[in-house]
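**Q** Structure for the following, please:
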Amino acid sequence: MTMENLKLPRIVNHEKWLAARQQHLAREKELTRARDRLNRDRRELPMVRMDKEYVFEGPDGKASLGDLFAGRHQLIVYHFMWLWKDGQPLEEGCRSCSGWTDQIARGHLASLHARTTSLILISRAPFAKIAPFKARMGWTIPWYSSFGNDFNYDFNVTLDESVKPIVYNYQTRAEHQQAGTDYYFQGEQPFDLPGLSCFLRRGDEVFHTYSTYGRGGETAVGGPSYLLDLTALGRQEDWEEPKGRATGLGAPAGSEKIRYPDQYDA
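**A** Below is the predicted model:
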């Protein structure tokens, strides 16, 4: 695929481009205001007390859910997918989850900490698998194992019909089939899917305030996905509109072209 074969934007003079851009700006402002309203509504959602005890494993040994706040008032958990085969954890985590994490782990968490909020990773893999992979990536972001407890299952990021009916992004398998999104359920069970969950601490009480799944995790980090949305070629994935701009040269989500962060050229 070459640039000459792509369906590119039409060519106009500056005056016509400016008129189209100003028209589009009005729609962008409408979306910004809609997002502000959506964020307000999200903050007004009710919350659920976390009465179930979970035991996680991290670099300092066993930890409760309350311990993961590190003394702060809020906790954001990224449910990091691990790779499994024949029921056994492999040596590496998900490539896409690694890319998501790298955008934050190599950045600065001080702005979150200054707002009394912790951000951590939790995976179903044993910590003995997590620790060397984290070291290989060069990350300092806190990462805990939920191996042996129900956390991943309770938050519907590990799917196993032998444990409970599977639900992802608040929809059942049948609902996903009807919506044409049953690709979420492809693979040998049990398997992991990504998500973000938010918690609030009041004294010793912990409350679950919010969870989002699938592309909902993009809003937490922005980064390359949101930057690519601003460009003429976009993310170069087949589902995008207008059609005809997927170059075939990029690395679509979920493809083997996605590398681990330490495999990209400097």
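**Q** which residues touch Gly180?
**A** Counting by CB atoms under 8 Å, 6 or more residues apart in numbering, Gly180 touches no other residue. (Glycine included, C-beta is placed from N, CA and C.)
**Q** How far off centre is the longest helix that the chain contains?
**A** Criterion DSSP state H: the longest helix present in the chain is helix 14-43. Per CA atoms, centre = their mean, to the nearest Å, the displacement of helix 14-43 from the mean C-alpha position of its chain is 24 Å.
**Q** Quick check: which helices or strands does the very next helix or strand once past that helix pack against?
**A** Downstream of helix 14-43, the first helix or strand assigned by DSSP states H and E is strand 48-49. With contacts taken as 3 or more CB pairs under 8 Å, 6 or more residues apart in numbering; DSSP states H and E, strand 48-49 sits against strand 205-213.
**Q** Show me which positions of the strand it packs on end up buried.
**A** For strand 205-213, a neighbour-count test (16 or more other CB atoms under 10 Å) marks Val206, His208, Thr209, Ser211, Thr212, Tyr213 as buried.
**Q** For the residue nearest to the first one when sequence neighbours are not counted, give its distance to His208.
**A** The shortest distance from Val206 to any non-neighbouring residue, by CB to CB, 6 or more residues apart in numbering, is to Met50 (4.4 Å). Remark: distance between Met50 and His208 (CB to CB, to the nearest Å) = 6 Å.
**Q** pLDDT weak spots in the stretch 1-150 of the chain?
**A** Counting by pLDDT under 70, the low-confidence segments of the stretch 1-150 of the chain come to 1-3, 106-108, 110-111.
**Q** go again using 90 as the cut-off
**A** Scanning the stretch 1-150 of the chain for pLDDT under 90 picks out the ranges 1-11, 17, 32, 35-36, 38-40, 42-45, 74, 96, 99-119.
**Q** Same question for the stretch 151-266 of the chain.
**A** In the stretch 151-266 of the chain, residues with pLDDT under 90: 181-183, 186-188, 196, 202, 212, 214-266.
**Q** and Ala135, how many neighbours?
**A** Using other CB atoms under 10 Å, Ala135 is surrounded by 9 other residues.
**Q** what touches both of Met50 and His208?
**A** The contact sets of Met50 and His208 overlap at Phe199 (CB under 8 Å, 6+ apart).
**Q** just the helices in the stretch 151-266 of the chain please.
**A** All helices of the stretch 151-266 of the chain, identified by DSSP state H, counting those that start in this stretch, fall at 151-154, 173-179, 218-221, 223-228.
**Q** The stretch 1-150 of the chain now?
**A** Using DSSP H, counting those that start in this stretch, helices in the stretch 1-150 of the chain cover 14-43, 95-105, 110-113, 127-137.
**Q** Quick one: end-to-end distance for stretch 186-195.
**A** Distance across stretch 186-195, first residue to last, is 17 Å (CA to CA, to the nearest Å).
**Q** What separation is there between the most centrally placed residue in the chain and Thr101?
**A** For the chain, Gly217 is the residue whose C-alpha lies nearest the centre (CA atoms, centre = their mean; 3.5 Å). Per CB to CB, Gly217 is found 11 Å from Thr101.
**Q** Which neighbours do the two have in common?
**A** Counting by CB under 8 Å, 6+ apart, the shared contacts of Gly217 and Thr101 are Tyr78.
**Q** List the buried residues for stretch 169-183?
**A** By 16+ other CB under 10 Å, the buried positions in stretch 169-183 come out as Asn169, Gln171, Arg173, His176.
**Q** Of all pairs in those residues, which one spans the longest distance?
**A** Taking every pair in the buried residues of stretch 169-183 and measuring CB to CB, the maximum separation is 11.6 Å, between Asn169 and Arg173.
**Q** So for those two, which residues contact both of them?
**A** Counting by CB under 8 Å, 6+ apart, Asn169 and Arg173 have no common neighbour.
**Q** between the helices of the stretch 1-150 of the chain, which one is nearest to Phe155?
**A** That would be helix 95-105 among the helices of the stretch 1-150 of the chain, by CB to CB, at 15.1 Å.
**Q** thinking again about what came up before, now the residue nearest to the centre of the chain, nearest residue through space, not along the chain?
**A** Distance criterion CB to CB, 6+ apart; nearest residue to Gly217, sequence neighbours excluded, is Leu196 at 5.1 Å.
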